[in-house]
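Asks: this one's sequence-less:
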């Protein structure tokens, strides 16, 4: 068996061998003393700040406008408002004025009041109060029981207002003058109060309508009437439902 011969040659011995080869004319190629130098260039990442495009700005503007419109619509539909009250019918049953040292008045009116809930929540009203006055002074009133209105619902309430032998103390001179003309002006006011159920809160609301009624005492009919809703100041407080029930 033949085994390869391993020879360990030092660097100095190798140089001596190369020198002897050069002396004896043996060609050789010297090894490079060191590796060729390399130039390393480090490139840092560069981020270009691009300006937002026109389409992106337009899209953001459209989304912002849509959000504002949705919030406005939600506030419009959810914000509590007073019930709408209208006088659907007013009828004079009879009127009589007794001329004496102190005039007395017999009067009877029949009214039909329409109450409409404009909110998206239910409405519980306590009562409907109808009053009648003359020359800014209240002569009498009638009160009906309350009820319940669903969201966006309406209800018609009938009321009869009667005055029997009411002694007119104030404004006698005006009453005598109206009797001479044959027409007496009266003021009727219908008012409803209640609570609007909004989640866990009870919001007190009220509505009011005022009518000026001109009554002809000769033919016992209403010659003219003018009704308009009155603006009622909103309450600036809300009470929790559980607190109201605990009272």
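Replies: Sure, I can see it. Predicted model only: the values in this text are computed from it and were never measured.
Asks: quick one, helices of the protein?
Replies: 11-23, 54-78, 172-181, 241-246 (DSSP state H).
Asks: which stretch in these has the least confidence?
Replies: Among these, helix 241-246 carries the lowest mean pLDDT, a mean of 42.
Asks: low-confidence ranges, this protein, go.
Replies: 1-52, 100, 198-199, 232-247 (pLDDT under 70).
Asks: just want the most central residue of it.
Replies: Closest to where the C-alpha atoms of the chain average out (Cα atoms, centre = their mean) is residue 75, at 2.5 Å.
Asks: which ones are touching it?
Replies: Not one residue lies near residue 75 by Cβ atoms under 8 Å, 6 or more residues apart in numbering. For glycine as for every other residue, the C-beta is placed from the backbone atoms N, C-alpha and C.
Asks: distance of it from residue 155?
Replies: Distance, residue 75 to residue 155, by Cβ to Cβ, to the nearest Å: 27 Å.
Asks: could you do residue 141 as well?
Replies: 20 Å.
Asks: quick one: which of these two has more around it?
Replies: residue 155 (18 against 15; other Cβ atoms under 10 Å).
Asks: return the set of residues that bridge with that one.
Replies: residue 115 (DSSP bridges).
Asks: test my guess that it contacts residue 124.
Replies: No. Residue 155 sits out of contact with residue 124 when judged by Cβ atoms under 8 Å, with a separation of 11.8 Å.
Asks: which neighbours do these two share?
Replies: Contact criterion Cβ under 8 Å, 6+ apart; residues shared by residue 155 and residue 124: 147, 149.
Asks: nearest residue to residue 230 in space, please, no chain neighbours.
Replies: residue 208 (4.4 Å; Cβ to Cβ, 6 or more residues apart in numbering).
Asks: burial count for the one you found?
Replies: Neighbours around residue 208, by other Cβ under 10 Å: 17.
Asks: could you do residue 197 as well?
Replies: Neighbours of residue 197 (other Cβ under 10 Å): 18.
Asks: so it versus residue 125, what's the distance?
Replies: 12 Å.
Asks: pull the contacting residues for the residue lying closest to residue 98 once chain neighbours are set aside.
Replies: Of all residues not flanking residue 98 in the chain, residue 104 sits nearest, at 4.6 Å (Cβ to Cβ, 6+ apart). Applying Cβ under 8 Å, 6+ apart to residue 104 gives the contacts 97, 98, 165, 166, 167, 168.
Asks: please name the bridge partners of the residue lying closest to the third one once chain neighbours are set aside.
Replies: Read that as residue 165. Leaving aside its chain neighbours, residue 165 sits nearest to residue 104 (5.0 Å; criterion: Cβ to Cβ, 6+ apart). On the basis of DSSP bridges, residue 104 is bridged to residue 98, residue 167.
Asks: in stretch 77-89, what's buried?
Replies: 80, 82, 83, 85, 86, 87 (16 or more other Cβ atoms under 10 Å).
Asks: which stretches in the protein count as strands?
Replies: 84-98, 104-116, 123-134, 137-149, 154-167, 183-198, 201-216, 221-230, 239-240 (DSSP state E).
Asks: nearest to residue 69, out of the ones you listed?
Replies: Of all the strands of the chain, strand 183-198 sits nearest to residue 69, with 22.9 Å by Cβ to Cβ.
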